[in-house]
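**Student:** Need the 3D shape of this:
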Amino acid sequence: MVFDLMVIEDEIEFEYNEKSEKGPSKWGDLNKEWETCKNGTIQSPIDLFPDRLTIVRNRQHWEMNYISTQATLNNSGHDISLHWVFGEAGSIKINGTEFFLKQTHWHIPSEHTINGIRYDMEMHMVHISTDKKIAVIGIFYKLGFTDPFLYQVMKRASNISEKGTGKNIGIINPNLINIWKRHMHYRYIGSLTTPPCTEGVIWTIKRRVRTVSDKQIELLRGAVQEYARMNARPIQALNERDIKLYVY
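**Tutor:** Residues are numbered from 1 along each chain as shown. As a prediction, this is how the structure comes out:
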């Protein structure tokens, strides 16, 4: 059984340049189905240094089990994404609900910030449950050593600049992302960060910052359309949401 994530994948539909008539502040006006982008009250991304921060010490609130399987690479024009067949790449379990890994993609610079600090890159691992609920794991990166997972993806893709979907790049193991379940992470309820900005997304943002090489960032940035080489949505209002910081 396959579930679509309902994320727009045509770069003509929206842009990231705030000065554009299709920029982030205009997304909610471009399509009636995107009105949540302007009317929503729990939108993402946010700054992860609020006054309403709850410290939680709980080792049992989530589980993960990923599996090596065939993956395909997509270049939508506004981002590069890696996709697995629904249910075949494993899952995470949050508070008893199982979310299956569907895809991962990259934003440059990071979309979420910590006390106003924006990192060089942010990876999103998108998971979907059988009743179409969404959970996303976010990982920050700063310039430094080569990221091993991105290295494996890029060496299997002959030309990531070629726009299109479903380019088979062989077996990819999601465990190479090395999430480190026991490291600190933030948890809050938000939305997708691209149209239609669907709300109710469970966000888990890892506190540990990884490294990515300048060459890897330039390859990702150079592969998308010029308007999307900085493809981070602006920070959204917190609106009194509570953010949990899980500490181990």
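
**Student:** For burial, what's the neighbour tally of the spatially closest residue to residue 152 that is not a sequence neighbour?
**Tutor:** Distance criterion Cβ to Cβ, 6 or more residues apart in numbering; nearest residue to residue 152, sequence neighbours excluded, is residue 176 at 6.0 Å. Placement of C-beta: from N, CA and C, glycine included. Residues within reach of residue 176, counting by other Cβ atoms under 10 Å, total 15.

**Student:** contacting residues around residue 176?
**Tutor:** Residues in contact with residue 176 (Cβ atoms under 8 Å, 6 or more residues apart in numbering) are 148-149, 152.

**Student:** and it, that one's in a helix?
**Tutor:** Yes. Looking at residue 176 with DSSP: H, G, I helix; E, B strand; the rest coil, it is inside a helix.

**Student:** And it, how far from residue 112?
**Tutor:** Separation of residue 176 from residue 112 (Cβ to Cβ, to the nearest Å) stands at 22 Å.

**Student:** ditto for residue 132
**Tutor:** Separation of residue 132 from residue 112 (Cβ to Cβ) stands at 23 Å.

**Student:** who has more neighbours, those two?
**Tutor:** More crowded of residue 132 and residue 112, by other Cβ under 10 Å: residue 112, with 26 against 11.

**Student:** Touching, that one and residue 47? I think so.
**Tutor:** Yes. Assessed by Cβ atoms under 8 Å, residue 112 is found in contact with residue 47 at 7.4 Å.

**Student:** give the contact list for residue 183.
**Tutor:** By Cβ under 8 Å, 6+ apart, residue 183 lies in contact with 206-208, 248.

**Student:** Now which of those residues would you call buried?
**Tutor:** Among these, those buried by neighbour count (16 or more other Cβ atoms under 10 Å) are residue 206.

**Student:** Can you add pLDDT and secondary structure and give the contacts of residue 183 back as a markdown table?
**Tutor:** Shown next, in a markdown table, are the contacts of residue 183 (pLDDT from 0 to 100; DSSP: H, G, I helix; E, B strand; the rest coil):
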| residue | pLDDT | secondary structure |
| --- | --- | --- |
| 206 | 94 | strand |
| 207 | 92 | coil |
| 208 | 92 | coil |
| 248 | 77 | coil |
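
**Student:** in stretch 192-211, what counts as buried?
**Tutor:** Buried residues in stretch 192-211, defined by neighbour count with 16+ other Cβ under 10 Å: 192-199, 201-206, 210.

**Student:** And for stretch 52-63?
**Tutor:** Neighbour-count burial for stretch 52-63 flags residue 62 (criterion: 16+ other Cβ under 10 Å).

**Student:** which residues are in contact with that stretch?
**Tutor:** 92-95, 181-182, 187, 204, 238, 240-248.

**Student:** if you set the cut-off to 6 Å instead, what comes out?
**Tutor:** The contact list for stretch 52-63 (Cβ atoms under 6 Å, 6 or more residues apart in numbering) reads 93-94, 242-247.

**Student:** May I have the predicted confidence score for the residue nearest to the spatial centre of the chain?
**Tutor:** In the chain, the centroid-proximal residue (Cα atoms, centre = their mean) is residue 124; its distance is 2.2 Å. If you check residue 124, the pLDDT there is 98.
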